[in-house]
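Student: what follows is a predicted structure for the sequence shown.
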Amino acid sequence: MVEYYDNDFSFEEHQLEMEGKLQSMPSTSETAEQDTIDDDEHVKLHPNTQAQCWDGFHTSHSTGNFFKPRRYIMKCFPCILDHCATEDSTRMGRPKRLVLEVGCGSGSSCLPILRNCAENTIILACDCSAKAVDVCKSVVQSSTDAKNFGAFVSDPSLESDESDTSFAQDVKRAHGQLMEETPTTIDDAVGLADIVLMVFVLSAVPPKRVPRFMKQIFDATKCGGKVCFRDYALYDLPMMRFKETHSVHSTCSDADGRTPRLYERGDGTLSRFFSLDTIRDIFESSGFIMEELRYATVFNDNRKTGERLKRAFVHAVFRKPQD
Ligand SMILES: C[S@@+](CC[C@H](N)C(=O)[O-])C[C@H]1O[C@@H](n2cnc3c(N)ncnc32)[C@H](O)[C@@H]1O
């Protein structure tokens, strides 16, 4: 297993340095007018929905060397291994454990899990982009025995009037198909997932849709189940590289009362940068209990330029209470 360190530098010192840099830049009003997410959460710069924008992204990144498995996933979330790596005789006759990845993209995170988990674990991966689900399925099928794996299209941020089924129902249906169970009613869908993986997905959800997204994640999680979370932190390198013209103003606010640090890439996909307090607020107001929450800071060395790049992430584990 690869060694993984995620405390390469002090986040607090980095924050001070980056705030100094931001203050020395011209303010938004001196550069360009900011874009505002309107009430429908459609971003002005791009007419497509987020699912369409991510379809475009996955279409142009489905070939070549883009795919890189996140081998560190098992290291930074040991609870996945604790939960799923061993065949446990006390579980004989009980349902298989379920790991659910939301926003699976091309499968970078779920593939290492599939390779490390035992027979009694199944992995379901979903994404709002149908193209991502296709790519993820073919990556998994070509790399490992995919018999304990299923992938489906679903978007937990959709309101009940935007989708015929709830997210928990989509999970239940995909689970039933994989287990080859006779279809039963999906109306009473209860949380099935022992572990939910959210890796670089919340940053892509328009802030106004986050409460709905989190409610549906909560409903899809088993009581006592855990959410393993990793996403971009404030002052991460891509945030510092975004031009002010890509900054999107949302009507929501972060824990510090400021507008979310939200940017739109050229292809219309969104990228939000979080503080620990904002992540704690988002999860706790959805009913989860915090188990782990910290900044992960990592040096990425660029071999070509010799540059040392500073990456900053929010790492967290939250638990759904037992009833
Ligand atoms: C930055 S990629 C991360 C992919 C993957 N988790 C990984 O670790 O590489 C974000 C993914 O989240 C998906 N996504 C964005 N918003 C979503 C939503 N509301 N529901 C489900 N998936 C979403 C995108 O289509 C994209 O594949």
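Tutor: In hand now; what should we look at? Residues are numbered from 1 along each chain as shown.

Student: contacts, neighbours, all on C-alpha from now
Tutor: Fine.

Student: show me which residues of stretch 201-217 are buried.
Tutor: By neighbour count, with 16 or more other Cα atoms under 10 Å as the criterion, the buried positions of stretch 201-217 are 201-210, 212-217.

Student: what's the closest of those residues to G266?
Tutor: Using Cα to Cα, the shortest approach to G266 within these belongs to A204, at 13.8 Å.

Student: my guess is that closest one contacts G268, does it?
Tutor: No: look at A204 against G268 with Cα atoms under 8 Å: they stay out of range, at 10.4 Å.

Student: for the stretch 1-150 of the chain, what are the low-confidence residue spans?
Tutor: Segments of the stretch 1-150 of the chain classed as low confidence (criterion: pLDDT under 70) are 1-3, 26-46, 63-67, 85-94.

Student: where do the strands sit along it?
Tutor: Counting by DSSP state E, counting those that start in this stretch, residue ranges of the strands within the stretch 1-150 of the chain are 35-36, 97-102, 121-127, 149-153.

Student: same question for the stretch 151-300 of the chain.
Tutor: With DSSP E, counting those that start in this stretch, the ranges of strands along the stretch 151-300 of the chain come out as 193-199, 221-232, 248-249, 261-264, 270-273, 289-301.

Student: which strands border the third one, and is each parallel or antiparallel?
Tutor: Pairing partners of strand 248-249, with direction, according to DSSP bridges: strand 35-36 (parallel).

Student: okay, and the beta partners of D231?
Tutor: In this structure, D231 has beta-bridge partners V314, where bridges are defined by DSSP bridges.

Student: mind listing what it touches?
Tutor: Residues counted as contacts of D231 (Cα atoms under 8 Å, 6 or more residues apart in numbering) are 199-203, 273-274, 313-315.

Student: restrict those residues to those near the ligand?
Tutor: Contacts with the ligand within the contacts of D231, counted by Cα under 6 Å from any ligand atom: 199-201.

Student: point to the residue nearest the middle of this protein.
Tutor: A centroid search over the chain (Cα atoms, centre = their mean) returns V201, at 2.7 Å, as the residue closest to the centre.

Student: skipping its backbone neighbours, what lies nearest it in space?
Tutor: Of all residues beyond its chain neighbours, the one nearest V201 is G103 (5.5 Å), with distances taken as Cα to Cα, 6 or more residues apart in numbering.

Student: contacts only, for the one you found.
Tutor: Contacts here follow Cα under 8 Å, 6+ apart; on that basis G103 touches 125-128, 198-201.

Student: could you redo the last one with a cut-off of 7 Å?
Tutor: 126-128, 198, 201 (Cα atoms under 7 Å, 6 or more residues apart in numbering).

Student: return the residues of the protein in contact with the ligand.
Tutor: If contacts are counted using Cα under 6 Å from any ligand atom, the residues of the chain sitting beside the ligand are 54, 102-105, 108-109, 127-129, 132, 155-157, 199-201, 204-205.
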